[in-house]
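Q: Build the 3D model from these lines:
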Amino acid sequence: MKQQVKVSLVGFLYIICLLLTVPQLTYAKEDVPAIGYSYKIIKPENQIGGAGYFDLRMTPAQQQTVEIELYNITDKELVVNLSVHSAKTNSNGVIEYGPTKLPVDPSLKYDIKDIAKVADKVTLAAKETKRVPVEITMPNERFDGSISGGIYLQKDETTEEKKAEKSAKGVVNKYAFIVGLLLSETDVKVQPELGFNKIEAGTTNYRNAFLLNFSNTQPTYVEGMTVDTQIFKKGSNEVLYESKKENYRMAPNSSMTFPVHLNGESFVAGKYIGRILVTAGDKKWSWEEEFEVTKKDADKYNAEDVSLIQDRGINWKLILIVVASVLFLLIGSYFITRVFSKKMKKKNRKRKKVKKRTK
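A: Numbering: from 1, shown residues only. From the prediction side, this is the model:
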């Protein structure tokens, strides 16, 4: 059944200080009223290079406090919410440093949210500048590679802003900063290693897709990655569906789910073969895996695919059955009423004749 749901879409426009990408302080003048504050990092002596994020050379069991300076641009008090998140990889080959529903990969030995601690909230008076401490406690064991993540900063909404958001129509823009945090102890170059996890039927954005999941199990980034996937019916060499994407990245010790879309087609229950080739520089990984789409899963995901619901459109067969049934009932009612009416007329005539004779 097609349902029309009125949705207020909340779009997060990240103004991001991310690894290797953004200058130290970023905001547009026209966004100042919405953002309400600016930030900059206070670089310590163990900062590596001049990047606009924390890239720190650490030692085992080291404890260190680094600082982020916040400045309230407005004439009113405001509250900034803070949180720490490990780096993850989304299905578009883009690394996420903020809050996300993406799962933590089992290969992640040191989660940065357990290593770096910040206050949940910081209150800034009008025009106030305040330094926020980030407490870092390194693992006791020495490690090669990187521990990667981000510190997420977002202005807390006032009661008035929440009310305005509820009454707003269409897209509601929210703004946030993310300060990258990269921790290392050695110059040893760790080589990436990808491992296959699974391939299965599913949906992305309410559209059918085969979902390939694999992990980067090492504490290093994968750069310039190409993912090429083909789906076959078991026992056939005909490519049913395929997808190839280039210039993807993967965060250290993270997994990604790569979709192969069915482009508006329905899932058909049966056994399939997935052939996957992933390359990054001179590195190459390939897998060939058999998997099954059950009738239960096929029916479930086909029912959820909005493109299939739209394609189904009007069920003319059902409409014809309903119309025919209604016509049958109307015609039947007409004949029954007519027959009943004739009988009533005959009875009335007989009664009249009997009355005349008795007179």
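
Q: Can you get me the start-to-end distance on stretch 122-133?
A: Its first and final residues considered, stretch 122-133 spans 11 Å by Cα to Cα, to the nearest Å.

Q: Same question for stretch 163-175.
A: 17 Å.

Q: May I see the buried residues of that stretch?
A: Neighbour-count burial for stretch 163-175 flags Lys174, Tyr175 (criterion: 16 or more other Cβ atoms under 10 Å). Every C-beta, even on glycine, is put in place using the N, C-alpha and C of the backbone.

Q: So for that stretch, mean pLDDT?
A: Averaged over stretch 163-175, pLDDT sits at 74.

Q: shaky segments in the stretch 101-250 of the chain?
A: 169-170, 172 (pLDDT under 70).

Q: Contacts only, for the residue nearest to Ala280 when sequence neighbours are not counted.
A: Leaving out its chain neighbours, the residue that sits closest to Ala280 by Cβ to Cβ, 6 or more residues apart in numbering is Met225, at 4.4 Å. By Cβ atoms under 8 Å, 6 or more residues apart in numbering, the contact set of Met225 is Gly93, Glu246, Asn247, Tyr248, Arg249, Met250, Val278, Thr279, Ala280.

Q: most neighbours, which of the residues you listed?
A: Met250 (28 neighbours; other Cβ atoms under 10 Å).

Q: how close does the residue nearest to that residue when sequence neighbours are not counted get to Ser236?
A: Counting by Cβ to Cβ, 6+ apart, Met250 lies nearest to Val222, which is 3.9 Å off, once chain neighbours are set aside. Between Val222 and Ser236 the computed distance is 32 Å (Cβ to Cβ, to the nearest Å).

Q: Comparing these two, which shows the higher neighbour count?
A: Val222 (25 against 10).

Q: so how far is Ser146 from that one?
A: In terms of Cβ to Cβ, Val222 sits 12 Å off from Ser146.

Q: likewise Gly235?
A: Distance, Gly235 to Ser146, by Cβ to Cβ: 44 Å.

Q: Between those two, which has more neighbouring residues?
A: Ser146 (22 against 8).

Q: Now do the more buried one against Asn263, distance only.
A: 38 Å.

Q: now Thr203
A: Distance from Thr203 to Asn263, by Cβ to Cβ: 13 Å.

Q: quick one, which of the two is more surrounded?
A: Using other Cβ under 10 Å as the criterion, Thr203 and Asn263 rank with Thr203 on top: 19 against 11.

Q: Listing partners with orientation, what would you give for the helix or strand harbouring that one?
A: Using DSSP states H and E, Thr203 sits in strand 194-204. If you go by DSSP bridges, strand 194-204 pairs up with strand 207-216 (antiparallel).

Q: re the thing from before, and which of the contacts of Met225 is nearest Lys130?
A: Lowest distance from Lys130 to the contacts of Met225 (Cβ to Cβ) belongs to Arg249, with 33.8 Å.

Q: how far does the helix or strand hosting the closest one sit from the chain's center?
A: Assigned by DSSP H and E, Arg249 falls within strand 239-250. Offset of strand 239-250 from its chain centre (Cα atoms, centre = their mean, to the nearest Å): 18 Å.

Q: quick revisit: can you give me the distance of the residue nearest to Met250 to Val94?
A: 13 Å.

Q: Please give the element, helix or strand, for Ser325.
A: In the assignment (DSSP H and E), Ser325 maps to helix 316-358.

Q: let me redo that: Gln230
A: Gln230 belongs to strand 222-233, assigned by DSSP H and E.

Q: what's the offset of that strand from the middle of its chain?
A: A distance of 20 Å separates the centroid of the chain from that of strand 222-233, by Cα atoms, centre = their mean.

Q: still on that earlier bit, send the alpha carbons of the strand holding Arg249 over as PDB?
A: Below are the C-alpha coordinates for strand 239-250, written out as PDB (Å, rounded to 0.1, in the frame of the first residue of the first chain):
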ATOM      1  CA  VAL A 239      26.400 -10.800 -15.500                       C
ATOM      2  CA  LEU A 240      23.000  -9.900 -13.900                       C
ATOM      3  CA  TYR A 241      24.200  -6.800 -12.000                       C
ATOM      4  CA  GLU A 242      27.500  -5.000 -11.600                       C
ATOM      5  CA  SER A 243      28.900  -1.900 -10.100                       C
ATOM      6  CA  LYS A 244      32.400  -0.200 -10.300                       C
ATOM      7  CA  LYS A 245      33.400   2.800  -8.200                       C
ATOM      8  CA  GLU A 246      36.800   4.600  -8.100                       C
ATOM      9  CA  ASN A 247      38.700   6.900  -5.700                       C
ATOM     10  CA  TYR A 248      37.200   5.400  -2.500                       C
ATOM     11  CA  ARG A 249      38.900   5.600   0.900                       C
ATOM     12  CA  MET A 250      38.800   3.500   4.000                       C
END
